[in-house]
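J.: here is my input, please return the structure:
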Amino acid sequence: MTDFQHAVIQGIPEELPKPKAYDQSVSHSPTRRNNLSVEEKKLAIRNALRYFPEKWHETLAVEFAEELKKFGRIYMYRFRPDYEMYARPIDEYPAKSKQAAGIMLMIQNNLNPKVAQHPHELITYGGNGAVFQNWAQYLLSMKYLSEMTEEQTLVMYSGHPMGLFPSHKNAPRVVVSNGMMIPNYSSLEDYDRHNALGNTQYGQMTAGSYMYIGPQGIVHGTTITILNAKRIIAERFKRDAKEPVLFVSSGLGGMSGAQPKAGNIAKVISVVAEVNPKAAKKRHEQGWVDILVDDLNKLVKQVKTAIAENKIISFGYIGNIVNVWEKFDEENIHIDLGSDQTSLHNPFNGGYYPVGLSFEKANEMMAAEPEKFKEHVYASLRRHVKAINKHTAYGTYFFDYGNAFLLEAGRAEADVMNDNGKFRYPSYVEDIMGPMCFDYGFGPFRWVCTSGKPEDLAMTDKIANKVMTNLMQKSPKRIRQQMVDNIVWIQGARENKLVVGSQARILYADAWGRIQLADAFNKAVKDGRISAPIIIGRDHHDVSGTDSPFRETSNIYDGSMFTADMAIQNVIGDAFRGATWISIHNGGGVGWGEVINGGFGLLLDGSSDAKNRLKSMLYWDVNNGISRRSWARNENAMFTAKRAMDNNPKLKVTMPNLVDDSIIDELKF
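T.: Numbers count the residues shown, from 1 in each chain. This is a model prediction of the structure:
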């Protein structure tokens, strides 16, 4: 048994580990807002000590009180493992269940310092997207997974392992819930309080569900978005497809770090601003952004040259995005496409850094003077929007990238509303992802090679290219462009060096594509072309997995965008149709209290059992959302629902009867 395996099996160590020094070389979460009363602070420490034997309480109580005071949360740094954190080959995990070993692999990938945004605070992306609340939860969860049989299920309450419970072979091995709150207690203030108490966490989407694959996932989504945005402006403004396109946005930290890489793949000139120098340099070192610039005048000069030469290049600007929008207006630099990927779902805890404050000063103020910091954020958003509005008046196509930019800008009373009281700019789901992808069933299908071998990933790429090419030849004309985009993506995947962390891949596929891809992978594991099981999953940002009125369901116009039946039904259906693990979250993307989202993982081991599971579960996982979107009278979803029913006589979707507008318009109230 290796030292790593022994440490995993041990869980909470038998001897109290020595305190660990605060590692300044790692990106750390900013100090969190702490709104606890004195009695609540005592309760937070009492809650944290539950994980440890009584003999350690006196020592740890003082230490945890200091963490709570200094960082706003209790992370239990002392218990961070000594072993290296990364996704090991599946056979290196001490486990009685191969499914459990696969989940351990995915958890460690989410916490890999090369992948995670703030690894020592167990934050994967989005500023506060947590895998666990503290290191004791991690240690105990890994121990349970090492002990689990295929007749047990591990139940996870917002990072806390509630325990192993008897179940059966066909049940999920792990059931995850994150941030589930009574609706009237789901404000940001409630989040800060209950997260500090150790009662709940913000799992984002794939952070708390163990399905993050590094920035590759958002690279693909952003690539698809930019490609389709280019088509929109080409049609709207009668642009020549060969003309240079300039894309301006912000954020190089977590998922937003994908933007410059996506810009290169989509063949645009991109400028992405980032206030955190460490985050910007990390992306540059990883090869995800071509050039870093920290001087606005130099940036202007280089961007003008790139436009004049029509040279596809990505710029990372170390500084504030507001200054970029304003400077480009002064210099008459036309921005073709604009967006924003700051973590505005978390605006006052490091998700958005206001213009006029240094990165260091902002971090100090958000903890020491939270109300003053909030004023700065809102003032910055008003200035931010004012600069964007100047550009859009000259033809810039701006879209909200689902990060709550318009929502928070509206709350800041920025000029983002039109005359009828709606946002003047669309969500990217309204204009692009919704009608062009989700309504046809296309969404972010992903897989991980548990061997850790690049040659296995190369084999999956080869299989995926063949499957998608064959499907395209039989597909309706109206979805072929999406098929072509994804075939081009998979053909260029290795060249684009997308892997960070586990050997993983993503592409957008519909129900037919996902089932055929998964089935082909399962066959390849069975016959040995792939050397170890494949784990399949998806982003929660998908056809069926998420109810989010300002993002995933923003192109649903029957008034039901504020309901969450779809996401809840989806995770329940996935659970009894064969998922290896499932998750359901409050928050993700646009923020706590604004969205309900869920996901799954499914291990393909080459067995007939895995084949039956994948066919049943993936079919439901897509067509649930298609039926909901069809009932909302979305034309493309109605087309897809009818196509699905034609292909499967067991499927009966309730279809809407369309009403002539004149009948409604003539009604008197």
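
J.: flag the shaky bits of this structure, pLDDT-wise.
T.: 254-256 (pLDDT under 70).

J.: in terms of residue numbering, what are the domains of it?
T.: 3-197, 216-426, 435-662 (automatic domain parsing).

J.: among the ones you listed, which comes closest to residue 210?
T.: Residue 210 lies closest to domain 3-197 among these, at 4.1 Å (Cβ to Cβ). Heads up, the C-betas are built off the backbone N, CA and C, glycines and all.

J.: any idea how far apart the tips of the closest one sit?
T.: End-to-end distance of domain 3-197 (Cα to Cα, to the nearest Å): 33 Å.

J.: buried residues in the host helix or strand of residue 640?
T.: Applying DSSP states H and E as the criterion places residue 640 in helix 635-647. The neighbour-count check on helix 635-647 (16 or more other Cβ atoms under 10 Å) flags 636-641, 643-645 as buried.

J.: equivalent analysis for stretch 143-163, please.
T.: Neighbour counts using 16+ other Cβ under 10 Å place 143-148, 150, 152-161 of stretch 143-163 among the buried residues.

J.: one step back: closest one of the buried residues of helix 635-647 to residue 121?
T.: Distances from residue 121 to these, taken by Cβ to Cβ, are shortest for residue 637, at 39.8 Å.

J.: so where do the strands sit in the stretch 501-650 of the chain?
T.: Counting by DSSP state E, counting those that start in this stretch, the stretch 501-650 of the chain has strands at residues 504-509, 534-538, 546-547, 581-586, 596-604.

J.: turn those into JSON lines, columns for distance to residue 470 and mean neighbour count.
T.: What follows is the strands of the stretch 501-650 of the chain, written out as JSON lines (distance: least, Cβ to Cβ, whole Å; neighbours: other Cβ atoms under 10 Å):
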{"stretch": "strand 504-509", "distance to residue 470": "13", "mean neighbour count": "26"}
{"stretch": "strand 534-538", "distance to residue 470": "19", "mean neighbour count": "27"}
{"stretch": "strand 546-547", "distance to residue 470": "30", "mean neighbour count": "28"}
{"stretch": "strand 581-586", "distance to residue 470": "31", "mean neighbour count": "28"}
{"stretch": "strand 596-604", "distance to residue 470": "20", "mean neighbour count": "29"}
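
J.: how about those strands, which one is nearest residue 96?
T.: Residue 96 lies closest to strand 596-604 among the strands of the stretch 501-650 of the chain, at 14.3 Å (Cβ to Cβ).

J.: give the contact list for the residue lying closest to residue 173 once chain neighbours are set aside.
T.: Computed as Cβ to Cβ, 6 or more residues apart in numbering, the closest residue to residue 173 that is not its neighbour in sequence is residue 99, at 4.7 Å. Counting by Cβ atoms under 8 Å, 6 or more residues apart in numbering, residue 99 makes contact with 150, 173, 580-581, 603.

J.: tell me the angle of the helix or strand encompassing residue 99 relative to strand 596-604?
T.: Residue 99 is part of helix 98-111 when elements are defined by DSSP H and E. Angle, helix 98-111 to strand 596-604, by axes from the mean of the first three to the mean of the last three Cα atoms, to 10 degrees: 130 degrees.

J.: specify the next element, helix or strand, located C-terminal of helix 98-111.
T.: Next along the chain after helix 98-111, taking DSSP H and E as the criterion, comes strand 123-125.

J.: so how far is the helix or strand that that following strand is followed by from its chain's centroid?
T.: Counting by DSSP H and E, the next helix or strand C-terminal to strand 123-125 is strand 129-130. The chain centre lies 10 Å from the centre of strand 129-130; the measure is Cα atoms, centre = their mean, to the nearest Å.

J.: what is strand 129-130 packed up against?
T.: strand 123-125 (3 or more Cβ pairs under 8 Å, 6 or more residues apart in numbering; DSSP states H and E).

J.: surely residue 32 touches residue 72?
T.: Yes. With contact defined as Cβ atoms under 8 Å, residue 32 counts as touching residue 72 (3.1 Å).

J.: for residue 177, which of the strands of the stretch 501-650 of the chain is the nearest?
T.: Closest approach to residue 177 among the strands of the stretch 501-650 of the chain (Cβ to Cβ): strand 581-586, 5.4 Å.

J.: and the angle from the closest one to helix 98-111?
T.: 40 degrees.

J.: what are the pairing partners of strand 581-586, and which direction each?
T.: Taking DSSP bridges as the criterion, strand 581-586 forms sheet pairs with strand 174-178 (parallel), strand 596-604 (antiparallel).

J.: now find how far off-centre that strand is within its chain.
T.: 13 Å.

J.: residues near residue 619, how many?
T.: By the criterion of other Cβ atoms under 10 Å, residue 619 has 19 neighbours.

J.: and for the one 5 residues further on?
T.: Applying other Cβ under 10 Å, we find 22 residues neighbouring residue 624.

J.: quick check on the closest residue to it other than its chain neighbours: phi, psi?
T.: Leaving aside its sequence neighbours, residue 624 sits nearest to residue 544 (Cβ to Cβ, 6+ apart; 4.4 Å). Dihedral angles of residue 544 (phi, psi; degrees, to the nearest 10) stand at phi -120, psi -20.

J.: quick thing: my sequence starts at 37, can you match it?
T.: Got it, the first residue is 37 from now on, which makes the last one we talked about residue 580.

J.: show me what contacts residue 580?
T.: Applying Cβ under 8 Å, 6+ apart to residue 580 gives the contacts 602-603, 606, 657-662, 664.
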